[in-house]
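In: build the 3D model from these lines:
(chains A and B)
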There are 2 protein chains.
Amino acid sequence: MRIVVPAGGIGAARFLRGLRAAVPEAEVTVVGNTGDDITLFGLRICPDLDTVMYTLGGGIAEEQGWGRAEETFVVQEELTAYGVEPAWFGLGDRDLATHVVRTQMLDAGYPLSEVTAALCARWEPGVRLLPMSDDRVETHVVIEDAGGRRAIHFQEYWVRHRASMPALEVVAVGADRSRPGPGVLDAIESADLVLLPPSNPVVSIGTILSVPGLRAAFEATSAPVVGLSPIVDGAPVRGMADQVLAAIGVDASAAAVALHYGPQLLDGWLVDRSDADAVPVVSEAGIACRAVPLLMRDIDASAAMARAALDLAAGLVRS
Amino acid sequence: MRIVVPAGGIGAARFLRGLRAAVPEAEVTVVGNTGDDITLFGLRICPDLDTVMYTLGGGIAEEQGWGRAEETFVVQEELTAYGVEPAWFGLGDRDLATHVVRTQMLDAGYPLSEVTAALCARWEPGVRLLPMSDDRVETHVVIEDAGGRRAIHFQEYWVRHRASMPALEVVAVGADRSRPGPGVLDAIESADLVLLPPSNPVVSIGTILSVPGLRAAFEATSAPVVGLSPIVDGAPVRGMADQVLAAIGVDASAAAVALHYGPQLLDGWLVDRSDADAVPVVSEAGIACRAVPLLMRDIDASAAMARAALDLAAGLVRS
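Out: Below you'll find the model as predicted:
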């Protein structure tokens, strides 16, 4: 079975680990969000790709969900001693080596997809990890503060400011000129199943869908498309989905996110048991919907969620 | 008193520390060798400039003589886990931060001289540290091994191979097109004294002199030029001066190095007491010569050497 999973960071990575446990024989292709990517200290950082790679490859800082296990921060400490900004991005030494390798390969002319494959040769994540695009796309968030109305990089909004001010607008800078990464369209077209993990519908899945051609491919594939709600009991399980959903005028509810994706894209949708009242609303829109436990407390819980998604898909004919 | 010191790495740095202790009121301008510079992992590394900066700024790994105190090697370990070459260059985490800052500034368009000044703003070495040139000059060593006759970077010759094969030729690649760094010619012209520390006469001082205009400036300055022999008792105190001296046909002896520099450049020369027999030979060539203790066991010994050089200079009229 060929499964395609468009993926953000922590939530997607944990879901993918459950999926691998549930169906180890499946060929999983991950279409990774690169809209969170940022260049800091001259190093190219791809937080979502790395979170998927480290989590599936056994290198993740487990509790934290991002970054490397047994991490140290000597280089960051020294950069701060030099007065080099920014100090708000926690850049670990082990993690930094990944960015050094990536930056060196990019500077040598390799596209991000080949760089990612080279990095994965070490981590062996057990999935094919494809960047959504080899072109540079960076998500910016429009805010308004003492400095006036201005756009800041998503990492600055989230990591530096902890999404503490409203997101007025979310813009995937460069998306309009980007092309799907090598292999991405083929994977979607030949998939047996597409699963949308409980990633952020705006800055993760939304950014992936903003690459010209990708939304159409997900809508056109003959494979069923089943998603899992990142909103549980009216709030994001983690992250700032509520803030960025507000920016695009979508309620932070399991039903509203399904309707935002829409029946053109979605064939099935899983909501948490606490959101059972969303089931009739979503079903009425033409999206098969079930309520199941949606908290990824451990790998077993994540695997159970993956199985629930497979079960739902098994009963679907692509509309 | 304005003193100019063309400088290599460890030997020069320790001598400079002694000089600062001997004449704290002097304005010292260091013309640093950049021929050892190398780009590894996409990072620009300037070993000699950093050794001078760290030593005078209190950040050096004291026993080792190069690199940072309290160093860790997490990034290097990770790079090796990625299979990224080379593994032979010991790149510490603290040291790496310096290269990250430097590379980022160079990529942003700052010349090496401004980058060096920015790094020194943290370390406050108490001297003005000027790169010999803002242009890229890299010393290569011609060797012959199973791979045939070929040129390798000086760092590969020295750090990787520990100078274990003969150096057939030494070439400062790029030197012929390089220009003296900002402030270098002015400093030499307006100096009251020039001191050649016990640096490598070929790959440190020799490389500095290979920048067009610099040898002429050192020969033309009205300041006396006094050097200290890096060869003691027929062998380099440290490093591979004997190997690279052989490449240019000069004996590894205190007298031969003085004659190699020649009376056009040198007004005075200090040899170690064990090389007292060099004194009449060097003097006969028109270079004032004295035998004094030349081992930099500690700062006191280095300061005594600096005072001996000042004493010798005081009795000289520039020829």
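
In: when you work out contacts or count neighbours from here on, use the C-alpha atoms and nothing else.
Out: OK.

In: low-confidence ranges in chain A?
Out: Within chain A, the stretches with pLDDT under 70 are A:317-319.

In: can you pull out the helices in it?
Out: In chain A, the helices defined using DSSP state H lie at A:10-22, A:47-57, A:74-81, A:93-107, A:112-123, A:154-155, A:184-189, A:205-209, A:214-220, A:241-247, A:254-261, A:278-284, A:299-314.

In: in TSV, list these along with distance to chain B.
Out: Converted to TSV, the helices of chain A look like this (distance: least, Cα to the nearest Cα, whole Å):
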stretch	distance to chain B
helix A:10-22	21
helix A:47-57	13
helix A:74-81	5
helix A:93-107	5
helix A:112-123	6
helix A:154-155	20
helix A:184-189	25
helix A:205-209	28
helix A:214-220	32
helix A:241-247	32
helix A:254-261	39
helix A:278-284	46
helix A:299-314	27
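
In: save those as CSV, and put in mean neighbour count too.
Out: Shown next, in CSV, are the helices of chain A (neighbours: other Cα atoms under 10 Å in any protein chain shown):
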stretch, mean neighbour count
helix A:10-22, 24
helix A:47-57, 25
helix A:74-81, 19
helix A:93-107, 21
helix A:112-123, 18
helix A:154-155, 23
helix A:184-189, 20
helix A:205-209, 24
helix A:214-220, 18
helix A:241-247, 21
helix A:254-261, 22
helix A:278-284, 18
helix A:299-314, 20
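
In: turn the ones you listed into JSON lines, including distance to residue B:224.
Out: As requested, the helices of chain A are exported to JSON lines (distance: least, Cα to Cα, whole Å):
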{"stretch": "helix A:10-22", "distance to residue B:224": "67"}
{"stretch": "helix A:47-57", "distance to residue B:224": "58"}
{"stretch": "helix A:74-81", "distance to residue B:224": "39"}
{"stretch": "helix A:93-107", "distance to residue B:224": "47"}
{"stretch": "helix A:112-123", "distance to residue B:224": "56"}
{"stretch": "helix A:154-155", "distance to residue B:224": "58"}
{"stretch": "helix A:184-189", "distance to residue B:224": "70"}
{"stretch": "helix A:205-209", "distance to residue B:224": "68"}
{"stretch": "helix A:214-220", "distance to residue B:224": "73"}
{"stretch": "helix A:241-247", "distance to residue B:224": "70"}
{"stretch": "helix A:254-261", "distance to residue B:224": "80"}
{"stretch": "helix A:278-284", "distance to residue B:224": "89"}
{"stretch": "helix A:299-314", "distance to residue B:224": "76"}
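
In: of those, which approaches residue B:159 most closely?
Out: helix A:93-107 (21.7 Å; Cα to Cα).

In: packing partners of the closest one?
Out: Here helix A:93-107 touches strand A:43-45, helix A:74-81, helix A:112-123, helix B:74-81, going by 3 or more Cα pairs under 8 Å, 6 or more residues apart in numbering or on different chains; DSSP states H and E.

In: quick one: it to chain centroid distance?
Out: 21 Å (Cα atoms, centre = their mean, to the nearest Å).

In: let me know the angle separating it from helix A:47-57.
Out: Between helix A:93-107 and helix A:47-57, the angle comes out at 120 degrees (axes from the mean of the first three to the mean of the last three Cα atoms, to 10 degrees).

In: can you list contacts of helix A:93-107?
Out: A:43-45, A:67-68, A:71-76, A:112, A:115-116, A:119, B:41-42, B:74-76, B:78-79, B:84, B:93 (Cα atoms under 8 Å, 6 or more residues apart in numbering or on different chains).

In: okay, domains of chain A per the record?
Out: Domain assignment for chain A, taken from automatic domain parsing, gives A:2-33+A:177-314, A:38-125, A:138-171.

In: those: which one's closest to residue B:190?
Out: Among these, domain A:38-125 sits nearest to residue B:190 (Cα to Cα), with 32.0 Å.

In: gap between the two ends of the closest one?
Out: End-to-end distance for domain A:38-125: 23 Å, by Cα to Cα, to the nearest Å.

In: then stretch A:255-275?
Out: End to end - Cα to Cα - stretch A:255-275 spans 8 Å.

In: quick one: it to chain centroid distance?
Out: 17 Å.

In: ok so, going back, so which of the helices of chain A gets nearest residue B:88?
Out: helix A:93-107 (16.3 Å).

In: tell me, how many residues neighbour the residue nearest to residue A:130 when sequence neighbours are not counted?
Out: Nearest residue to residue A:130 in three dimensions, chain neighbours excluded: residue A:31, at 5.0 Å (Cα to Cα, 6 or more residues apart in numbering or on different chains). Per other Cα atoms under 10 Å in any protein chain shown, the neighbour tally for residue A:31 reads 27.

In: relative to residue A:4, how far out is residue A:31?
Out: Counting by Cα to Cα, the gap from residue A:31 to residue A:4 is 7 Å.

In: dig out what the residue nearest to residue A:181 when sequence neighbours are not counted forms beta bridges with.
Out: In this structure, residue A:181 finds its nearest non-sequential neighbour in residue A:133, 3.9 Å apart by Cα to Cα, 6+ apart. Applying DSSP bridges to residue A:133 gives these bridge partners: residue A:180.
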